[in-house]
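*Asks:* structure for this input, please:
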Amino acid sequence: MMEEEIKNTIEVLEAGGTVVYPTDTVWGVGCDATNPKAVNKINKLKKRLKSKNLIVLIDSEKKLENYVEDVPDIVFDLIENIEKPLTIIYPKAKNLAKNLIAKDGSIAIRITKDEFSKKVAQKFNKPIVSTSANLSGEPSPISFKKIPKEIIENADYIVNIFHDTINEIKPSTIIKFNDNNVFTIIRE
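*Replies:* Reported below is the predicted structural model:
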């Protein structure tokens with residue numbers, strides 16, 4: 001079942017579509033993070049301002065250097081030692097859709113440890129946008145049943161596993177690095 005859902009999800013991502021899928025935090029809406037048209041579809045689906053930044057999921061720290069100019073050495077220690085999901089905002093993003101990169105040139109990336117999203121990112125071999133499956137300003141869905149009908153009806157694909165699972169709300173820790181590789185904790 002999971003393998004088929006991974007295959008279906010990747011087909012939709014490759015076609016530039018949007019998917020509703022389980023992540024290591026809450027249910028998310030995602031797309032190919034290198035496809036600007038797909039990123040626009042996410043913003044439209046969520047009714048969100050283009051100026052609001054999105055998070056990108058990848059499956060391993062080895063891929064970080066594909067999407068950011070400089071990965072500070074301390075990042076690898078942080079990834080290894082922080083128990084809960086960790087999103088890091090890096091300056092100088094690259095190889096991503098231009099409309100995904102913040103005005104200051106930064107990008108938020110999380111290395112997912114969730115089995116489903118990790119396998120999708122690994123097999124897709126590109127970063128995946130990950131934003132909560134809610135309308136802008138609404139609460140993040142901790143279970144599939146909490147996803148607004150409007151999101152379900154307008155996404156291109158809905159992953160068909162884990163619909164009965166309830167996630168403990170565990171938003172990721174967010175750390176932001178500046179150009180001098182000094183970091184600030186944005187959210188613990």
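*Asks:* any weak-confidence spans in this protein?
*Replies:* Scanning the chain for pLDDT under 70 picks out the ranges 49-51, 166-170.
*Asks:* so what secondary structure elements neighbour the helix ranked longest in the chain?
*Replies:* Criterion DSSP state H: the longest helix present in the chain is helix 2-14. Counting contacts by 3 or more Cβ pairs under 8 Å, 6 or more residues apart in numbering; DSSP states H and E, helix 2-14 packs against strand 19-22, helix 115-124, strand 157-158. All C-beta spots, glycine's among them, are computed from the backbone N, C-alpha and C.
*Asks:* what's next to the very next helix or strand once past the second one, contact-wise?
*Replies:* So that's helix 115-124. Using DSSP states H and E, the helix or strand that follows helix 115-124 towards the C-terminus is strand 128-132. With contact meaning Cβ atoms under 8 Å, 6 or more residues apart in numbering, strand 128-132 is reached by 13, 23, 25-33, 38-39, 42, 46, 48, 54-58, 100, 110, 112, 117, 120-121, 140-141.
*Asks:* the protein: strands as residue ranges?
*Replies:* In the chain, the segments counted as strands under DSSP state E are 19-22, 27-30, 55-58, 86-90, 107-111, 128-132, 157-158, 173-177, 183-187.
*Asks:* mean neighbour count and distance to residue 171 for the helices and strands packed on helix 2-14 - can I get that in TSV?
*Replies:* What follows is the helices and strands packed on helix 2-14, written out as TSV (neighbours: other Cβ atoms under 10 Å; distance: least, Cβ to Cβ, whole Å):
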stretch	mean neighbour count	distance to residue 171
strand 19-22	25	15
helix 115-124	19	15
strand 157-158	19	22
